[in-house]
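[1] need a structure here:
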Amino acid sequence: MNSLYHDSRLRALVAAFHRIARAKASMEAPMQCGHAGGEGWWGCKADGGCAPILAAACEKLSGEARQAVVTALDDEYRAQAFYRAVLRKFPHALPFSRFVEAEARHAAALTGILDAYGLEAPPNVHIDSAEISASAPATLAGACEAAAAAEIRNDRLYAEVLLPMVAAYPLIAAIFERLMLTSRECHLPAFRCFAEAYRMERPLEEAQV
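    So this is what the prediction gives:
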């Protein structure tokens with residue numbers, strides 16, 4: 001599935017989350033999910049079914065949920081740093097040149113959650129680190145294979161560990177699910193495709209990313 005689709009859905013979720021956070025902070029307006037009637041695409045309903053979602057978004061973030069967001073953020077940071085390390089060896093190489101920007105957007109979505117709860121986001125300690133720089137493979141095929149393996153780990157991390165930790169926070173869970181699906185349906189297939197192309201020395205069009 002196209003990465004632009006996933007990015008647009010992620011932006012909509014983050015915007016909904018921050019509308020609620022702003023309403024909570026100001027207490028000047030009723031908290032609304034922002035959908036135009038019927039069933040919202042993150043699962044809320046116009047007939048009052050939004051209430052549990054709105055209430056959960058306004059709860060203080062639990063220690064477990066905060067740890068889930070920080071863990072997800074660190075994983076996005078690590079991916080961004082790895083892509084940058086690969087691009088230092090292979091400037092403009094696809095799909096890294098496209099996905100490095102996506103990882104920055106994903107990290108921004110997660111730091112935005114922490115910010116909405118008045119929590120400070122940790123910095124990206126992986127950028128330009130010796131560990132990440134040394135982990136960049138010597139070939140583009142190897143780099144794509146390593147990135148594909150990381151996407152599989154990312155998918156499992158969200159599905160098996162992080163999503164259960166934010167089950168009480170439906171909008172955060174929806175953001176996590178969107179990040180997981182981006183990894184599964186966009187990044188992983190692209191890395192596999194490019195790994196094969198680089199092994200076979202077969203050119204690929206950017207439109208396939």
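[2] use CA for all of it now, contacts and neighbours both
    Noted.
[3] Contacts for stretch 147-164 next, please.
    Here stretch 147-164 makes contact (CA atoms under 8 Å, 6 or more residues apart in numbering) with 68-69, 72, 75, 79, 173, 176-177, 180-181, 183-184, 187-189, 191-192.
[4] Just the residues you listed: which are in helices?
    Using DSSP state H, 68-69, 72, 75, 79, 173, 176-177, 180-181, 188-189, 191-192 are the members of the contacts of stretch 147-164 that sit in helices.
[5] for this structure, which spans come out with low pLDDT?
    For the chain, the stretches flagged by pLDDT under 70 are 1-59, 202-209.
[6] which stretches of it form helices?
    3-26, 51-58, 63-89, 96-116, 130-135, 140-156, 163-165, 170-182, 188-200.
[7] and the last one with helix 140-156, angle?
    Same thing as helix 188-200. 160 degrees (axes from the mean of the first three to the mean of the last three CA atoms, to 10 degrees).
[8] Helix 188-200: which residues count as buried?
    188-196, 198 (16 or more other CA atoms under 10 Å).
[9] Of those, which is the nearest to Phe90?
    Of all those, Phe90 sits closest to Tyr198, with 12.4 Å by CA to CA.
[10] who's in contact with the closest residue to that closest one other than its chain neighbours?
    Leaving aside its chain neighbours, Tyr198 sits nearest to Ala141 (5.1 Å; criterion: CA to CA, 6 or more residues apart in numbering). By CA under 8 Å, 6+ apart, the residues touching Ala141 are 194-199.
[11] Distance check, Phe90 against Tyr83.
    Separation of Phe90 from Tyr83 (CA to CA, to the nearest Å) stands at 10 Å.
[12] Those two: who's more crowded?
    Neighbours per residue, other CA atoms under 10 Å: of Phe90 and Tyr83, the larger number sits with Tyr83, 26 against 16.
[13] And the contacts of Ala141, which is closest to Gly118?
    Nearest to Gly118 among those, with distances taken as CA to CA, is Phe194, at 40.6 Å.
[14] Enumerate every residue touching that closest one.
    Contacts of Phe194 (CA under 8 Å, 6+ apart): 94-95, 141, 144, 204.
[15] In CSV, list those along with distance to Leu110.
    Below are these laid out as CSV (distance: CA to CA, whole Å):
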residue, distance to Leu110
Leu94, 25
Pro95, 23
Ala141, 30
Cys144, 25
Leu204, 32
